[in-house]
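> Prediction below, plus the sequence it came from.
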Amino acid sequence: MKNKRAGYIIFAILTLAFLVGLVFLNRSVHKVPLLAEDGSSFEKAVVTEIIQDNLTETGDRSGEQIVKVKITSGSHKGETVEATSLDGYLYGATCEVGTHVIINISEYDGTLAANVYNYDRTSVIIIFIAVFLALLMWVGGKKGIFSAISLVFAAVCVLFLYLPLMYMGVQPFLAAVLCCILITLFSMILLGGFTAKTFSAIAGTTIGCVVSGLIAFIFAYFMHINGYNVEEVETLILIEQNSQLQAGGLLFSGILITSLGASMDVAMSIASAVSEIYSHSPEISVKELTKSGMRVGRDMLGTNVSTLVLAFVGGAASIMMIYYSYSMPGRQLMNSYFMGTELLEGLSGTFGVIAVVPLVSVISAWLYKKRKKT
């Protein structure tokens, strides 16, 4: 009990030290401005009057509105300004009196010019996330609270470690591996404690994610695909020219991050099953314990593999619909960069999940039997 308590104290101290280190890391990042510094800013506002309304009523989004808005944030808070709102699919908003919006304002010679950028979704997003976390903690109890904390930690790692490291020139694959290891360590220890079950799941998850990345590298080489064969390549090249980012590695590092969740799920489930079997049959051999873990893993593979593949399919639904509607020839579709990268991302991630099954089965069986001998 004392050893376990000391372990959690050390775990908490290391976590705090890591978070403090992230603060210093992010302060050391010097970003090159990529947008024109024209003095404009995005501020919150509320519509107070509709001056002119030229929106079409035919179902097509076109036309514009001239509205008065009261600024509710920034240095011009409390001021009222006239703004133009284009009714487009990506920008603008259909304004009514009382509509909360985000405006882009610029000041020239003391005169404010403003455009409605979009609806103000900040409050709704915060409520949405809060409801999700509350439901997770209510249904999951103590484990749900730990899951919520793990989710927040994962987001912190991605936003304040993974992205800054790549921007500063760290090879994206290595940045992703480091991020995956830290997220796995934190989540598994928080949820499973300092047990053989936890450490076998950590080892299996880490190796499985690395397998996903290596498989992606190998098949990308033979398919003549690199990290520059993506839709956002022009923007990424611009960033690369103004930072130390190695944009070509983003595709492969992203595969590691994507496969992490499914790998953790499979790894912990198999490790828990092996732990339960061993607790009821401590005399069971390593071979039989491994086989039991494999049988549990096989039952999980179908749904988890489908989860990863369908996640990529869902993310590409829009462009798939475009290709379908234009009746793109099969030979053209199969050999397009789009199909190649989607298959690479979807299937490489599943390789990692598949690899987790035998890895965790063997590692957990070996750890439990070794612990008994000692």
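Cool, got the structure. Numbering: from 1, shown residues only.
> pLDDT below threshold where in this structure?
Judged against pLDDT under 70, the low-scoring parts of the chain cover residues 1-3, 35-39, 56-62, 371-374.
> quick one: the strands in it?
In the chain, the strands defined using DSSP state E lie at 41-53, 64-71, 80-86, 100-108, 111-119.
> Make JSON lines from the ones you listed and add distance to Thr94 and mean neighbour count to it.
The C-beta positions use only the backbone N, C-alpha and C, and glycine is treated the same way. Listed next are these as JSON lines, based on distance: least, Cβ to Cβ, whole Å; neighbours: other Cβ atoms under 10 Å:
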{"stretch": "strand 41-53", "distance to Thr94": "10", "mean neighbour count": "16"}
{"stretch": "strand 64-71", "distance to Thr94": "8", "mean neighbour count": "20"}
{"stretch": "strand 80-86", "distance to Thr94": "8", "mean neighbour count": "19"}
{"stretch": "strand 100-108", "distance to Thr94": "10", "mean neighbour count": "18"}
{"stretch": "strand 111-119", "distance to Thr94": "9", "mean neighbour count": "17"}
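> could those strands go into TSV alongside distance to Gly346?
Converted to TSV, the strands of the chain look like this (distance: least, Cβ to Cβ, whole Å):
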stretch	distance to Gly346
strand 41-53	36
strand 64-71	42
strand 80-86	37
strand 100-108	35
strand 111-119	32
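> Let me know which of those is the nearest to Ala273.
Judged by Cβ to Cβ, the one of the strands of the chain that comes nearest to Ala273 is strand 111-119, at 47.1 Å.
> Any idea how many residues pack against Ile127?
Using other Cβ atoms under 10 Å, Ile127 is surrounded by 10 other residues.
> Ok, Gly208 next?
29.
> now swap in Met166 and tell me
By other Cβ under 10 Å, 25 other residues sit near Met166.
> again, but for Ala271
Applying other Cβ under 10 Å, we find 31 residues neighbouring Ala271.
> Pull the contacting residues for it.
Contact partners of Ala271, counting by Cβ atoms under 8 Å, 6 or more residues apart in numbering, are 192, 197-198, 200-201, 204, 293, 360, 364.
> what separates it from Gly297, distance-wise?
10 Å (Cβ to Cβ, to the nearest Å).
> Which neighbours do the two have in common?
Contacts common to Ala271 and Gly297, judged by Cβ under 8 Å, 6+ apart, are Val360.
> Okay, helices next: where are they in the stretch 251-374 of the chain?
Applying DSSP state H, counting those that start in this stretch to the stretch 251-374 of the chain gives helices spanning 286-315, 317-325, 330-334, 337-373.
> Actually, the stretch 51-200 of the chain.
122-157, 163-167, 172-192, 196-222.
> Output the contacting helices and strands for the last one.
Identification of packing neighbours for helix 196-222 by 3 or more Cβ pairs under 8 Å, 6 or more residues apart in numbering; DSSP states H and E yields helix 172-192, helix 250-280, helix 337-373.
> Check which residues of it are buried.
Along helix 196-222, these residues count as buried under the neighbour rule (16 or more other Cβ atoms under 10 Å): 196-217, 219-220.
> Also the third one?
Counting neighbours by 16+ other Cβ under 10 Å, one finds that the buried residues in helix 172-192 are 172-173, 175-177, 179-192.
> Same check on stretch 276-286?
Within stretch 276-286, the residues that count as buried by 16+ other Cβ under 10 Å are 277-278, 284.
> Bridge partners for the residue nearest to Ser123 when sequence neighbours are not counted, pull those for me.
Spatial nearest neighbour of Ser123, excluding adjacent residues (Cβ to Cβ, 6 or more residues apart in numbering): His100 at 7.8 Å. For His100, the beta-bridge partners are Val46 (DSSP bridges).
> so His100 touches Val46, yeah?
Yes: distance between His100 and Val46: 5.3 Å, which falls inside the contact criterion (Cβ atoms under 8 Å).
> export the helices and strands packed on helix 196-222 to TSV and tack on distance to Ser73?
Listed next are those as TSV, based on distance: least, Cβ to Cβ, whole Å:
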stretch	distance to Ser73
helix 172-192	33
helix 250-280	33
helix 337-373	39
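> quick one: which of these is nearest Ala316?
Across the helices and strands packed on helix 196-222, closest to Ala316 is helix 337-373 (Cβ to Cβ), at 5.4 Å.
> If you count neighbours, what's buried in that closest one?
Buried residues in helix 337-373 (16+ other Cβ under 10 Å): 337-357, 359-365, 367-369.
> Ok, stretch 154-173 next?
154, 156-157, 160-167, 170, 172-173.
> for the buried residues of stretch 276-286, which one is nearest Gly140?
Closest approach to Gly140 among those (Cβ to Cβ): Ile277, at 24.3 Å.
> My guess is that closest one contacts Lys291. True?
No: counting by Cβ under 8 Å, Ile277 stays clear of Lys291, with 10.2 Å between them.
> Relative to Thr195, how far out is the closest residue to Thr290 other than its chain neighbours?
Spatial nearest neighbour of Thr290, chain neighbours left out: Ala365 (4.4 Å); criterion: Cβ to Cβ, 6+ apart. Noted for Ala365: a distance of 14 Å to Thr195, by Cβ to Cβ.
> Glu96 too?
57 Å.
> Likewise for Phe132?
Where Thr195 is concerned, Phe132 sits at a distance of 29 Å (Cβ to Cβ).
> Settle it for me: which of those two has more neighbours?
More crowded of Phe132 and Thr195, by other Cβ under 10 Å: Thr195, with 18 against 12.
> Can you tell me how far that one is from Ala262?
Taking Cβ to Cβ, one finds Thr195 at 22 Å from Ala262.
> Now do the same contact list for Ala17.
With Cβ under 8 Å, 6+ apart, Ala17 has no contacts at all.
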